[in-house]
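Participant: Based on what follows, work out the 3D shape:
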Amino acid sequence: MPAYYTRFSCLLPVSSTVNVKPALDLYEVFADELDEKNEVVLFQASIDSHSEPLLWLSSGDDGDPEQVIAFALRCAASVDLSGLWGFQWTHGCWPPRLDAFSAGACVIDLTKRCVVDQVDTQQWLSDRLTQKQEQAND
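Facilitator: Sure thing, here's the model as predicted:
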């Protein structure tokens, strides 16, 4: 049976070292809220000891980019983050299967607390192939 997974590793800037602890506390609250809904938090948050004030967000064996987006937006509101931030992820499968590999990325405006752009490579490829085929048929 194939094992599908999503992986990522990124750094979320939390502006100052003062914000690191509240951001980690928010992660615990976020995880508890998911647990109350019988859901599991599918990423880890830890201090990046080499470059504070950054949180290292990583997927481990499998992750959920939508959870990271929700957490980043909550962090932005909670500790007043600003500017643009983004991250990327991969989708894979073992053993390899057709159409089981892709990637994605998003850009978040931390100041406005919203996703401003997002891409899924599987959809992007499908759209481009359709577009190029239509152009070739014209």
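Participant: count of residues packed around Q135?
Facilitator: For Q135, the count of nearby residues is 8 (other C-beta atoms under 10 Å). All C-beta atoms are positioned from the backbone trio N, CA, C, and that covers glycine.
Participant: Test my guess that F101 contacts H91.
Facilitator: Yes - at 6.4 Å, F101 counts as touching H91 under the criterion of C-beta atoms under 8 Å.
Participant: So which of the two has more stuff around it?
Facilitator: For F101 versus H91, neighbours defined as other C-beta under 10 Å are more numerous around H91 (17 against 14).
Participant: What's the first helix or strand after the longest strand along the chain?
Facilitator: Criterion DSSP state E: the longest strand present in the chain is strand 84-94. Downstream of strand 84-94, the next assigned helix or strand under DSSP states H and E is strand 102-109.
Participant: Okay, now the sheet partners of that following strand, with direction.
Facilitator: Strand pairing for strand 102-109, using DSSP bridges, gives strand 84-94 (antiparallel), strand 114-120 (antiparallel).
Participant: mean confidence for it?
Facilitator: Per-residue pLDDT over strand 102-109 has a mean of 97.
Participant: what distance separates that strand from the centre of its chain?
Facilitator: Averaging C-alpha positions (C-alpha atoms, centre = their mean, to the nearest Å) puts strand 102-109 7 Å from its chain's average.
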